[in-house]
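>>> I'll drop the sequence and a predicted model, then ask my questions.
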Amino acid sequence: MKDIALAAGFLALMLLGLYLMVKLAKTMQEMREHKETDCFYIATSNPCVVKRIMEILNDMKALHSDKHYTLSIRQGGEILQMLNSRRLGAAVVTPEAAGGRLLLHRLSVISSQPLVMDEDGALLASAEKESQQQKVMWRMDAPNPLAQEFVHQFCIHKA
């Protein structure tokens, strides 16, 4: 009789542990999905547009304070792969960058703005002083209101 009670208690503890593990896994998955929907990822291949992008993201942050914004500087091919795999909400690349069939884009002419890297005044600036054309890209099959807002702001934003 003691053996049966001991086995039943052990089985109950195992079932409780299994239940808690499944519940924890579901909660962690929901948190990951919530984090992904609350973060807007953007990348650029041109460091000279970082200042402009940051100004736009700061304006967007004022309107959507519950969202997080992540900006990366990467090479054009890597950016397109990230867009195609839905890891980016939007991207700013050179006009020559090839798009995919599910990617939309708009062209925008911008003037180069130097980016101050630290308090000592180190600058990251383009060698070209003339205005440059940039392509803003986003996915059409997964419309993201933040991506659409960013594209609109980028294309009308005055430097």
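In hand now; what should we look at?

>>> can we go C-alpha only for contacts and neighbour counts from here?
OK.

>>> longest helix of this protein?
Longest helix in the chain by number of residues, with DSSP state H as the criterion: helix 2-37.

>>> pLDDT on that helix, on average?
For helix 2-37, the mean per-residue pLDDT is 84.

>>> name the next helix or strand following it along the chain.
For helix 2-37, the succeeding helix or strand toward the C-terminus, using DSSP states H and E, is strand 39-44.

>>> please spell out which residues along that next one are buried.
Within strand 39-44, the residues that count as buried by 16 or more other CA atoms under 10 Å are Cys39, Phe40, Tyr41, Ile42, Ala43, Thr44.

>>> ok, so of those, who is nearest Ala5?
Nearest to Ala5 among those is Cys39, at 50.9 Å by CA to CA.

>>> if we can go back for a sec, which strands or helices does the longest helix of the chain pack on?
Judged by 3 or more CA pairs under 8 Å, 6 or more residues apart in numbering; DSSP states H and E, helix 2-37 is in contact with no other helix or strand.

>>> just how off-centre is that helix within its chain?
In terms of CA atoms, centre = their mean, to the nearest Å, the centre of helix 2-37 is found 33 Å from the chain centre.

>>> neighbours around Glu78, how many?
For Glu78, the neighbour count with other CA atoms under 10 Å is 12.

>>> do the same with the one 3 residues further on
Gln81 is surrounded by 14 other residues when neighbours are defined as other CA under 10 Å.

>>> that one: what secondary structure?
helix (DSSP: H, G, I helix; E, B strand; the rest coil).

>>> distance of it relative to Leu18?
39 Å (CA to CA, to the nearest Å).

>>> ditto for Leu24
10 Å.

>>> ok, Arg86 - contacts?
Counting by CA atoms under 8 Å, 6 or more residues apart in numbering, Arg86 makes contact with Arg139.

>>> try it again at 10 Å.
If you count contacts by CA atoms under 10 Å, 6 or more residues apart in numbering, Arg86 has them with Tyr41, Leu80, Trp138, Arg139, Asp141, Ala142.

>>> just flag the most distant two among these.
The widest separation within those (CA to CA) is 16.6 Å, between Tyr41 and Asp141.

>>> ok, the most centrally placed residue in the chain - contacts?
The chain has Tyr41 as the residue nearest its centroid, 0.8 Å off, counting by CA atoms, centre = their mean. Listed by CA under 10 Å, 6+ apart, the contact set of Tyr41 reads 68-72, 82-83, 86-91, 146-147.
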